[in-house]
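Enquirer: model the following, please.
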Amino acid sequence: MSVRYLSCGDTAFTVEFGNEISPVINGQVMALHAAIGKAKAAGQLPGVVETVPTMRSLMVTYDPVSTTRAELLPEIEALIARGLKADGKTRQVTIPCCYDGEEFAPDLKEVAKATKKTPEQVIEAHLNSAFKVYVLGFMPGLAYIAGLDPSLYLPRRSQPRVRLPRSTVAIAMDMTTIYPFESPGGWHLIGRTPLMMFDQRQPQPVFLAPGDSVTFQRIDRKTYDRMAQEAERDTLDWKKLVKP
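Expert: Numbers count the residues shown, from 1 in each chain. From the prediction side, this is the model:
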């Protein structure tokens, strides 16, 4: 395994595991993220502030008063040399999604035409995809969820939208995502979930986390409306959607 260490100013550096997006590389990133977390909990790696996983690298931030990059690198190299194993503590998350109508799925027909499928076949392929959250980014709560069925691979839209609704489900390349806020967006819109991806009323405002396994569950408009009202009132039973 070829690993590169790149400086990020005088308080951080990245540990880069490769130059592509793949489950293997991301697995190494998440395993090192977990290993450093365990070491910190055991009183090791003094001076490490936090680690920030990306698709193919891990940023390590540290307190320059307490330690240096030169001091930390041998310890992190030793963690990698001992072998990085996933801790297995991934959540199984179910995302209810309504794919009905132009309001919720304005690009569904266009995606079907581009992929030579019917709209129902597009929905089925999305539902059957084996998704995993790689990273969070762009805005609070927006997860980059890889594992889209290869038959649905499409580039981003040539003309992004200036505004799209909160909780819209979209696809592009080999990924799907859920927009946590009303925002601009350049992916293909194929559905909407009643869930909030960012809810500051919750102890953990961001719903999804790196490493989560994600399955989409089709719901009709009536079920969507009911669950959306429950989410707004903060009476939705989230425990039914997440299995540790």
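Enquirer: CA atoms for contacts and neighbours, from now on please.
Expert: OK.
Enquirer: got the contact list for residue 2?
Expert: Contact analysis of residue 2 by C-alpha atoms under 8 Å, 6 or more residues apart in numbering lists 17, 18.
Enquirer: and it, that's in a strand?
Expert: No. Counting by DSSP: H, G, I helix; E, B strand; the rest coil, residue 2 is not part of a strand but coil.
Enquirer: so for it, what's the pLDDT?
Expert: Looking at residue 2, its pLDDT reads 83.
Enquirer: go on, residue 201?
Expert: Confidence at residue 201, expressed as pLDDT, is 93.
Enquirer: equivalent analysis for residue 90, please.
Expert: 80.
Enquirer: that one and residue 209 touch, don't they?
Expert: No. In terms of C-alpha atoms under 8 Å, residue 90 does not count as a neighbour of residue 209; the distance is 9.2 Å.
Enquirer: more crowded one of those two?
Expert: Neighbour count, other C-alpha atoms under 10 Å: between residue 90 and residue 209, residue 209 has more, with 19 against 15.
Enquirer: ok, now how distant is that one from residue 131?
Expert: In this view, residue 209 and residue 131 are 13 Å apart by C-alpha to C-alpha, to the nearest Å.
Enquirer: and residue 28, by the same measure?
Expert: Residue 28 is 17 Å from residue 131, by C-alpha to C-alpha.
Enquirer: repeat that for residue 187.
Expert: 17 Å.
Enquirer: cool, and residue 72?
Expert: From residue 72 across to residue 131, the span is 34 Å (C-alpha to C-alpha).
Enquirer: more neighbours: the two, which one.
Expert: Taking other C-alpha under 10 Å, residue 72 and residue 131 do not tie; residue 131 has more neighbours (24 against 16).
Enquirer: residue 84 contacts residue 30, correct?
Expert: No. Using C-alpha under 8 Å, residue 84 is not in contact with residue 30; the gap is 9.0 Å.
Enquirer: ok, the two, which is more surrounded?
Expert: Neighbour tally, residue 84 and residue 30, criterion other C-alpha under 10 Å: the higher count belongs to residue 30, 26 against 17.
Enquirer: dump the C-alpha coordinates for whichever helix or strand that one is part of into CSV.
Expert: Assigned by DSSP states H and E, residue 30 belongs to helix 23-41. The C-alpha coordinates for helix 23-41 follow below in CSV (Å, rounded to 0.1, in the frame of the first residue of the first chain):
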residue,chain,number,x,y,z
PRO,A,23,-14.4,1.0,-1.3
VAL,A,24,-10.9,-0.4,-0.6
ILE,A,25,-9.2,3.0,-0.3
ASN,A,26,-12.1,4.6,1.6
GLY,A,27,-12.1,1.5,3.9
GLN,A,28,-8.4,2.2,4.8
VAL,A,29,-9.2,5.9,5.5
MET,A,30,-12.0,5.0,7.8
ALA,A,31,-9.9,2.3,9.5
LEU,A,32,-7.1,4.7,10.3
HIS,A,33,-9.7,7.3,11.5
ALA,A,34,-11.0,4.6,13.9
ALA,A,35,-7.5,3.5,14.9
ILE,A,36,-6.4,7.1,15.8
GLY,A,37,-9.6,7.6,17.7
LYS,A,38,-8.9,4.4,19.8
ALA,A,39,-5.3,5.5,20.4
LYS,A,40,-6.5,8.9,21.6
ALA,A,41,-9.0,7.3,23.9
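Enquirer: apart from its chain neighbours, what residue comes closest to the residue of the chain most remote from its centre?
Expert: Distance from the centre of the chain peaks at residue 65, with 33.0 Å (C-alpha atoms, centre = their mean). With C-alpha to C-alpha, 6 or more residues apart in numbering as the criterion, residue 65 has its nearest non-adjacent residue at 7.9 Å, and that residue is residue 47.
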